[in-house]
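Student: Sequence first, predicted model second:
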Amino acid sequence: MKRSMFALLILCLSPFYAQSTANSSSEIYHDLLRLQKNASVMYLAAHPDDENTKIISWLTNDQHLDAVYLSLTRGDGGQNLIGNEIGDMLGLLRTQELLEARKVDKGRQWFTRALDFGYSKTATETLKIWDKQKVLADVVWAIRKNKPELIITRFSPDSNGDTHGHHTASAILAMEAFDLAADKNAFPEQLKYVSTWQVKRMFFNTSWWFYGSQEKFEQADKTGMLSVDVGTYFPLLGKSNNEISAISRSKHACQGFGMATERGSQIEWLKLLKGTMPTNNDMFQGIDLGWENKKIQSKIDKIIKNYDFKAPEKSTKELVALYNLALKEKVDEIKLNQIKNLLLDINGIHMEWTIPAAFGTNGELVQTHLEVSNRGNKKLIFKTKNEENSVAVNEAFKSKFDFKLQQDKFDTPYWLVNKTNNALYNIDQLTDIGQAEILNPVTYPITLNIAGQDFNFELPLQQKYVDPAIGEIYEPFYVVPAFVANFAQENFIFNDAEKTIELAVTSFVEGQKVKIQLETNNDWKVSPAQTYTTGPIGETRKFRFNVQPKENAETAVLSAVVKSGTKTYRQSLDIVNYDHIKRQIRLRDASTRLGNLDFKQPNVKLAYIQGSGDEIPANLREVGLAVDELDINLWNHASLENYDVVMIGIRAFNTLDKLSFIKNDLFDFVEKGGVVIVQYNTNRGLVTEEIAPYPLKLGRDRISEEDAELKILEPKHSIFNYPNKITQRDFANWVQERGLYFADSWDKQFTPLLEGNDTGEEPKQGMLLVAEHGKGHFVYTGISFFRQLPAGVPGAYRLLINMLALGEN
């Protein structure tokens with residue numbers, strides 16, 4: 001479920017992520033087993049949700065290895081089943097879904113700088129757009145940093161043209177990086193921070209899916225393949241590997257990948273791509289997965305052997321000794337932190353530093369709450385900045401104190417700080433590349449004395465509050481500018497006339513005099529600045545400005561400027577808010593785009609039924625159309641009596657079960673003279689096969705080149721003539737793609753109106769189909785209006801307006 005920004009800023013009553021509970025004795029033992037191994041495996045693919053969570057979970061929970069998933073992209077160019085985030089904000093959402101998945105399967109998450117620019121037909125195209133050498137450098141960097149013994153790819157390097165170009169490109173890059181990571185002459189600038197690394201083997205995680213059917217896979221030559229049963233049951237956890245992996249997979253909510261849990265045997269297949277083929281069906285044959293340092297190995301083995309499930313705290317002294325040895329031997333931070341966390345778990349220590357608010361700003365004095373709970377059986381001594389304290393057995397130390405926020409920078413995703421460079425994120429520091437996120441939390445140092453030795457911790461400041469319906473909620477606390485200004489939308493479309501634009505200004509300081517003004521170029525007229533005095537912290541006020549294009553005005557950027565005292569603020573605050581992830585924010589320029597569009601408007605009453613979520617209703621209202629969004633759960637036979645057009649949102653026939661029951665009402669509406677426009681749906685997972693009044697079969701065809709030539713097949717059709725004349729100029733400056741999930745076959749009652757194709761492919765005609773049915777018209781379109789309208793593409797607006805006017809002409 002998505003949560004509102006208003007509730008966040010003002011009341012903070014909405015839950016998104018609850019702090020995890022402490023580990024049980026058996027779970028602690030399970031974590032101890034992971035100390036026995038000192039090796040990692042890298043799973044490598046292109047997008048969030050490409051990873052095989054069964055293998056990742058098996059590697060961490062059965063083999064007790066460190067498993068890292070390297071996703072080349074953050075999934076910015078995909079679709080969104082649960083909301084209207086696209087582009088950067090979708091990438092932010094999908095990044096967090098990956099991190100939530102890794103919390104479940106115990107893997108780690110890495111990325112490259114590659115931007116998901118949308119569907120690509122070939123790896124050749126993908127690598128050209130990405131700048132192959134830079135993404136290859138990132139993969140080499142990830143290998144050198146994580147030192148995997150094995151790499152497992154989700155896709156084959158030999159599938160160019162058979163699947164998403166990003167998929168094949170990920171395997172091609174992995175093949176090359178396998179060798180280059182060990183070459184001191186390859187990307188030598190990295191060797192200031194890391195050493196070369198030779199991966200031992202590389203496998204392709206194949207399956208029947210790549211062969212077209214299970215029958216074909218059973219008949220396939222499996223020479224060069226290994227099989228592994230990843231369906232292990234873990235008594236310590238009370239779950240099988242398949243159950244864990246299904247929960248992990250289900251974290252990809254925005255892609256609709258919720259899964260039923262499975263139990264029992266599960267065979268995975270690995271095809272050798274690099275290295276020597278094992279002779280015994282063991283992917284790790286000949287590879288030492290333990291510790292090279294036998295002293296460390298011996299200590300870990302002893303701790304595990306002597307572990308007392310009823311009194312895990314008895315392992316404290318041995319774990320402290322292990323930590324000291326690991327520190328002396330310069331063991332990596334991952335293992336050191338595992339040991340420190342185990343010390344907290346076995347002694348029942350809980351620490352938190354919290355605040356009721358979600359946001360604060362530099363210079364603000366905030367009241368914070370420190371808690372140190374000792375659920376163990378020995379007195380706990382700890383030090384803070386100010387004093388030494390002790391906590392008795394099964395007691396909690398609680399303290400309230402004021403803290404002044406003094407951050408050197410604001411919180412925002414590090415990969416979004418700079419504008420993208422072509423199809424790559426522009427990241428300043430080499431050492432930042434690959435990190436899933438770089439947190440900039442306000443922290444409080446605390447030192448615990450455990451078994452006579454001091455251990456230092458940095459407690460991040462978290463928001464904590466209680467929801468009466470759910471209970472205790474923990475969220476990240478963010479430091480933001482004193483003022484943020486958000487326009488109601490990213491684009492405003494004009495038709496020569498003046499328009500009122502709304503700006504929401506949120507203040508994180510009180511009692512300040514503020515001046516707000518809008519700035520743009522001389523082609524546009526903007527009403528004067530406004531002033532006010534801020535109220536309570538977190539208050540949002542809305543201001544209205546009149547904006548009007550002058551004669552021959554063209555596209556422009558409109559910026560918001562907030563001035564208070566000697567300081568000027570020019571940032572917006574965007575929030576990603578869902579139950580299944582931690583709350584996320586992005587700070588960006590407080591600006592919007594202005595466009596002056598030459599179009600004629602139809603006189604129609606429009607109803608819109610949202611599918612998975614898009615911004616088209618708001619976009620159409622922006623150009624002056626009245627749009628009612630209908631709640632399908634309140635449907636009755638009279639729902640459409642007052643409308644001329646019904647438009648169905650993207651993927652509605654994939655997400656709204658009730659459409660299978662009301663489809664005949666829609667067809668009757670068309671027969672009586674109405675217009676129904678159905679936007680793209682995927683051909684898998686339809687709630688009904690009857691999405692049109694005549695036979696219509698959906699396929700997977702798309703045109704991913706946004707500048708692909710489109711041919712008008714029926715120039716005299718009203719869609720190209722009324723109320724606006726559509727020409728080739730209207731197909732200019734589109735974004736990301738032309739469309740997706742075109743119709744594959746259709747009844748003769750349908751007329752295809754547009755034809756196009758990506759470079760080197762056969763023409764496709766299923767992107768815009770119109771059928772007369774009774775007195776009305778039914779339209780199926782795969783055109784990506786859900787991308788074009790939010791981007792302010794004039795031609796897409798004009799074309800859609802003509803489609804809405806079908807019943808008028």
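Tutor: Yes, it's here. Computed from a prediction, not measured in an experiment: that's the story for all the values here.
Student: H167 reaches P157, doesn't it?
Tutor: No - the pair H167 / P157 is not scored as a contact, 10.1 Å apart, by C-beta atoms under 8 Å. Where C-beta positions appear, they are placed from N, C-alpha and C, glycine not excepted.
Student: so where is the stretch 101-250 of the chain shaky, pLDDT-wise?
Tutor: 160-161 (pLDDT under 70).
Student: about what we covered before: quick one, which of H167 and P157 is more surrounded?
Tutor: Between H167 and P157, counting by other C-beta atoms under 10 Å, H167 is the more crowded of the two (24 against 19).
Student: Name all residues that make contact with the more buried one.
Tutor: For H167, the contacting residues are 45-46, 50, 123, 154-155, 159, by C-beta atoms under 8 Å, 6 or more residues apart in numbering.
Student: does it count as helix, strand or coil?
Tutor: helix (DSSP: H, G, I helix; E, B strand; the rest coil).
Student: and the gap between it and P528?
Tutor: Distance of H167 to P528, given as C-beta to C-beta, to the nearest Å: 54 Å.
Student: Over to L180?
Tutor: Applying C-beta to C-beta to L180 and P528 gives a distance of 59 Å.
Student: higher neighbour count, those two?
Tutor: Higher neighbour count among L180 and P528: L180, with 19 against 8, using other C-beta under 10 Å.
Student: Can you list the neighbours in contact with the helix or strand containing H30?
Tutor: Under the criterion of DSSP states H and E, H30 resides in helix 25-35. With C-beta under 8 Å, 6+ apart as the test, helix 25-35 has contacts from 23, 60-61, 64-66, 106, 234-237, 300, 303-304, 307, 309-310, 312, 315, 322, 335, 338-339, 341-342, 345-346.
Student: Pull out the buried residues from these.
Tutor: Neighbour-count burial (16 or more other C-beta atoms under 10 Å) is assigned, among the contacts of helix 25-35, to 23, 60-61, 64-66, 106, 234, 236, 300, 303, 307, 312, 315, 322, 335, 338-339, 342, 345-346.
Student: which helices and strands sit right next to the helix ranked longest in the chain?
Tutor: Looking across the chain with DSSP state H, the single longest helix is helix 88-105. For helix 88-105, the packing partners by 3 or more C-beta pairs under 8 Å, 6 or more residues apart in numbering; DSSP states H and E come out as helix 53-61, strand 66-71, strand 108-111, helix 241-249, strand 571-576, strand 584-589.
Student: make it 6 Å
Tutor: helix 53-61, strand 108-111, helix 241-249 (3 or more C-beta pairs under 6 Å, 6 or more residues apart in numbering; DSSP states H and E).
Student: and the first one, which residues are buried?
Tutor: Which is helix 53-61. 53-61.
Student: These into JSON lines, with extra columns for pLDDT?
Tutor: Output for these, formatted as JSON lines (pLDDT from 0 to 100):
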{"residue": "T53", "pLDDT": "97"}
{"residue": "K54", "pLDDT": "97"}
{"residue": "I55", "pLDDT": "98"}
{"residue": "I56", "pLDDT": "98"}
{"residue": "S57", "pLDDT": "98"}
{"residue": "W58", "pLDDT": "98"}
{"residue": "L59", "pLDDT": "98"}
{"residue": "T60", "pLDDT": "98"}
{"residue": "N61", "pLDDT": "97"}
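Student: follow-up on the earlier one: in helices, which of the buried ones among the contacts of helix 25-35 appear?
Tutor: Among the buried ones among the contacts of helix 25-35, the members found in helices (DSSP H) are 60-61, 300, 303, 322, 335, 338-339, 342, 345-346.
Student: and the two most separated of these?
Tutor: The distance between the two most remote of those (C-beta to C-beta) is 21.6 Å, for N61 and L322.
Student: Is E475 located within a helix, as I assumed?
Tutor: No - according to three-state DSSP, E475 belongs to no helix; its state is strand.
Student: how far away is it from T95?
Tutor: 17 Å.
Student: where does this structure dip in pLDDT?
Tutor: Using pLDDT under 70, the chain drops low at 1-22, 160-161.
Student: domain ranges for it?
Tutor: Annotated domains of the chain cover 39-289, 483-596, 606-808 [automatic domain parsing].
Student: need those domains in CSV with distance to A392, can you?
Tutor: Below are those laid out as CSV (distance: least, C-beta to C-beta, whole Å):
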stretch, distance to A392
domain 39-289, 31
domain 483-596, 33
domain 606-808, 52
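Student: Out of the ones you listed, flag the one nearest Q463.
Tutor: Using C-beta to C-beta, the domains of the chain put domain 483-596 closest to Q463, at 8.3 Å.
Student: Between the two ends of the closest one, how far is it?
Tutor: 30 Å (C-alpha to C-alpha, to the nearest Å).
Student: centre of the chain versus it, how much separation?
Tutor: Mean-position distance between domain 483-596 and its chain equals 26 Å (C-alpha atoms, centre = their mean, to the nearest Å).
Student: just to revisit the earlier point, out of the domains of the chain, which comes closest to N394?
Tutor: Closest among these, once you apply C-beta to C-beta, is domain 39-289, at 25.7 Å.
Student: Can you get me the start-to-end distance on that closest one?
Tutor: So domain 39-289: terminal residues 5 Å apart, C-alpha to C-alpha.
Student: now it: how far from the chain's centre is it?
Tutor: For domain 39-289 - counting by C-alpha atoms, centre = their mean - the centre lies 17 Å from the chain centre.
Student: Please enumerate the strands of the stretch 651-800 of the chain.
Tutor: Assigned by DSSP state E, counting those that start in this stretch, the strands in the stretch 651-800 of the chain fall at 675-678, 696-698, 710-712, 743-746, 750-752, 754-756, 768-773, 776-781.
Student: And these: which comes nearest T261?
Tutor: strand 696-698 (30.0 Å).
Student: Now tell me what touches the closest one from outside.
Tutor: Residues from elsewhere that reach strand 696-698 (C-beta atoms under 6 Å, 6 or more residues apart in numbering): 683, 741, 743-746.
Student: what's the closest of those to I355?
Tutor: Y741 (45.9 Å).
Student: ok, the spatially closest residue to E705 that is not a sequence neighbour - contacts?
Tutor: Ranked by C-beta to C-beta, 6 or more residues apart in numbering and with sequence neighbours excluded, the top spatial neighbour of E705 is D758, at 5.0 Å. The contact partners of D758, by C-beta under 6 Å, 6+ apart, come to 121, 703-705, 708.
Student: would you list those residues in a markdown table and tack on neighbour count and distance to R74?
Tutor: Output for those, formatted as a markdown table (neighbours: other C-beta atoms under 10 Å; distance: C-beta to C-beta, whole Å):
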| residue | neighbour count | distance to R74 |
| --- | --- | --- |
| K121 | 20 | 21 |
| I703 | 28 | 24 |
| S704 | 22 | 18 |
| E705 | 21 | 22 |
| A708 | 18 | 26 |
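Student: any idea which element the residue nearest to K335 when sequence neighbours are not counted lies in?
Tutor: Closest residue in space to K335, ignoring its immediate chain neighbours: A326 at 6.2 Å, by C-beta to C-beta, 6+ apart. Assessed by DSSP H and E, A326 sits inside helix 316-328.
Student: the inter-axis angle of that helix versus helix 25-35?
Tutor: 30 degrees (axes from the mean of the first three to the mean of the last three C-alpha atoms, to 10 degrees).
Student: Give me the buried positions along helix 316-328.
Tutor: By neighbour count on 16+ other C-beta under 10 Å, the buried set for helix 316-328 is 316, 318-320, 322-323, 325-326.
Student: Done for today, thanks.
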